[in-house]
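> All I have is the shape, not the residue letters:
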């Protein structure tokens, strides 16, 4: 194989897990991948997804994948059902990215972009010699298969049979009703404590992009935060420690406090239990 | 040097330390390595070994190395004795992997696989200009030497003199006596809180692979946990929050709680003070 | 482009941020960079700078950059003023390294080494399609521009106009007066809790390299630690748990406790409020 071929056939392999990097688990996955092809470029999305939190993992993948090249291969392992009968799959997106992961909801946010899904044939494609290990499919199956795909040694179509449907998390879409926007908190911008919603900027524009917005954050049916916030372009538009509403880097609405950790300050978290209500502040 | 030579002579350089990644220490090591050869592929095993914990570092290395290619060069720096007279060494394993590290017990678990050990000649092989720095051999010696080895610029035999013996930690081997299995807890599967033992699956098979096993975990001579656990293939075989015994990804016995952090729940840790007793549950 | 050209024109791209790696932010930056050039080598300095702490970021960069090759491109994003009118710049150091960052003091310690600074023309050099996002310039501008520079697709001179002056933090230089050394604590050696000062070893040599040094650490004008410490080569020269003065890996004076976290034990931190006084212990 000469250089031209290597440069054109290889794709980056990007790993996301809930394994952390305090032990050798992620390193073992990388070692397996480099066994398949020592020239592979392996990068990390994150390994700090909260353990077993498929909801968070699904959103991190959705949030980041579009910044990668078209043929990129993602191996995503957040897998509370490891060792049970849940399936393993590879999904090809329009544009050519491939996601390798367990079938447990990790593709929920990406579903509209999926071109084709196949179940991985574990008999054919498992790391040789790993058949007695049941608890580390990230190493024994997903990294191995991902590396074969990224290196061009295995074609997507040869992964296994077409999978007619996939598991999905139940996530209510953002909605506008009677002048009120409702959405969920899929994740926090965790290092800074900003609260991200799934409400697109475009929905707020239907309400005329008000300067001041009444914001309520709920855990279940209990109100956890309520205030009228300015809609601003950047954190620096308000004083340090002051709260604000802004458009985040995914063009969704988000809530923050300038140079402070809003989520920590007000005890806000993310996931199925959390929701947000927004409406233009009344201007009486 | 043309492409073919580069692809065949270069080996991956894998780093493990207790430095963490909150400062520039690991980055300085990588910068030094890329100075030696800008085309080197540098990967991380982990940098989150507990500071000064040679016991943990030794096991992490043992646990992960076999998943890497034969010629891989590992630089391992957990070095409470930095600046003292303890030696620096490079060890070549059967198969061709090389470990560069201080001589302080880090190779304890790997000893049976060692083909040859040499003491690094620090006069010959130190990063030029670093002679006044005494506290960062990871950068000034180990990364530099590791990169020279991985790039093919230095042969293992030219590292220094053969070292006739190495320092080792005292670790009692797992044993089966009068129907009772005894072992130690070399590390936790730290992100999930699973408790790993050094007892091979094969030893339990000598007791007939019982369905139910009586488990006791001790700190010194004090019992910290005692229960009868099912021996299962996967976490999902029991209800959430229920404890279980399983075969981990190294084919050793391990104790966990499904979708819970067992070690945290019961205050279990790892290292020299901790041990485990297992026996088939009596079936009266 | 053939192999020779690729090997000679590409430079490593090194990222430092306060984003952490718990979400997809750093990964999005890497995805953007690989879009520019899929063959780029991207490495991390650290992403664990304390959020918004320009002081710490400035020192981490200073502390580490010299260990990297001459043409290395650094993208540094610690940016409390994101979205405000603060400028974005690229600085070329003597020797050829380039730093891409906001103009907020991050280059304070590097200023003596700067050959030329240019303001980035954001109209010309922003990631296409990112104009509605105001809060993630690390991805939309800095990683994009850094990758163009590292890949050789953009020349430093084409970044934008020369910037006549840059923002700097106020940091008093280390000084020797009447036999007393005074300095600041720019950072902690954070994983081990050692306290680093900006006082060069050479200044202490002017006092005759005493064996025993009287050390005082102050927060503002309040004394937080006071003791007479031995000046030693390495931690192991004193008993475990004993304090010591040593020359750190940057050849500055530093204070530690052997195999212990000194900073945590005595409540010492770093930054503008902290200072150190040293003088040879009186030998009455």
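Structure received. Since we're looking at a predicted model, the values are computed, not measured.

> can you tell me how far residue A:18 sits from residue A:101?
The gap separating residue A:18 from residue A:101 is 12 Å, by C-beta to C-beta, to the nearest Å. All C-beta atoms are positioned from the backbone trio N, CA, C, and that covers glycine.

> Next, the buried residues of stretch A:132-143.
Buried residues in stretch A:132-143, counting neighbours by 16 or more other C-beta atoms under 10 Å in any protein chain shown, are found at A:133-143.

> need those in CSV with pLDDT, can you?
Output for the buried residues of stretch A:132-143, formatted as CSV (pLDDT from 0 to 100):
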residue, pLDDT
A:133, 73
A:134, 72
A:135, 76
A:136, 86
A:137, 89
A:138, 91
A:139, 91
A:140, 91
A:141, 95
A:142, 97
A:143, 97
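
> thinking again about what came up before, intersection of neighbour lists for residue A:18 and residue A:101?
Shared contacts of residue A:18 and residue A:101 (C-beta atoms under 8 Å, 6 or more residues apart in numbering or on different chains): A:77-78.

> And these two? Which one has more around it.
residue A:101 (28 against 23; other C-beta atoms under 10 Å in any protein chain shown).

> Check the offset of stretch A:231-239 from the chain's centre.
A distance of 27 Å separates the centroid of the chain from that of stretch A:231-239, by C-alpha atoms, centre = their mean, to the nearest Å.

> tell me the mean pLDDT for it?
Rounded to a whole number, the mean pLDDT of stretch A:231-239 is 90.

> what does the stretch 51-200 of chain A put close to chain C?
Contacts of the stretch 51-200 of chain A with chain C, taken as C-beta under 8 Å from any C-beta of the partner chain, map to A:60-61, A:63-64, A:67-69, A:72, A:187, A:189-192.

> Chain B next: which of those residues are close?
By C-beta under 8 Å from any C-beta, no member of those lies near chain B.

> And the buried ones among those, selectable in PyMOL?
Remark: buried members of those, expressed as a PyMOL selection using 16+ other C-beta under 10 Å:
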select buried, chain A and resi 60+61+63+64+67+68+72+187+189+190+191+192
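
> Which of the residues of the stretch 51-200 of chain A next to chain C fall in strands?
Among those, the members found in strands (DSSP state E) are residue A:189.

> Show the pLDDT at the closest residue to chain B within the stretch 151-284 of chain A.
Nearest to chain B in the stretch 151-284 of chain A, going by C-beta to the nearest C-beta, is residue A:191, at a distance of 12.8 Å. The model reports residue A:191 with a pLDDT of 87.

> Chain A against chain B: which residues are in contact?
Residues of chain A lying near chain B (C-beta under 8 Å from any C-beta): A:2-3, A:18-32, A:34-35, A:38-39, A:42, A:51-52, A:80-84, A:132-136, A:139-140.

> Check these for burial and list the buried ones.
Counted by 16+ other C-beta under 10 Å, the residues of chain A next to chain B give A:18-32, A:34-35, A:38, A:42, A:51-52, A:80-83, A:133-136, A:139-140 as buried.

> Leaving out the residues flanking it, which one is nearest to the closest residue to chain C within the stretch 151-284 of chain A?
Using C-beta to the nearest C-beta, the single residue of the stretch 151-284 of chain A nearest to chain C is residue A:234, 2.1 Å away. Nearest non-adjacent residue to residue A:234, counting by C-beta to C-beta, 6 or more residues apart in numbering or on different chains: residue C:83, 2.1 Å away.
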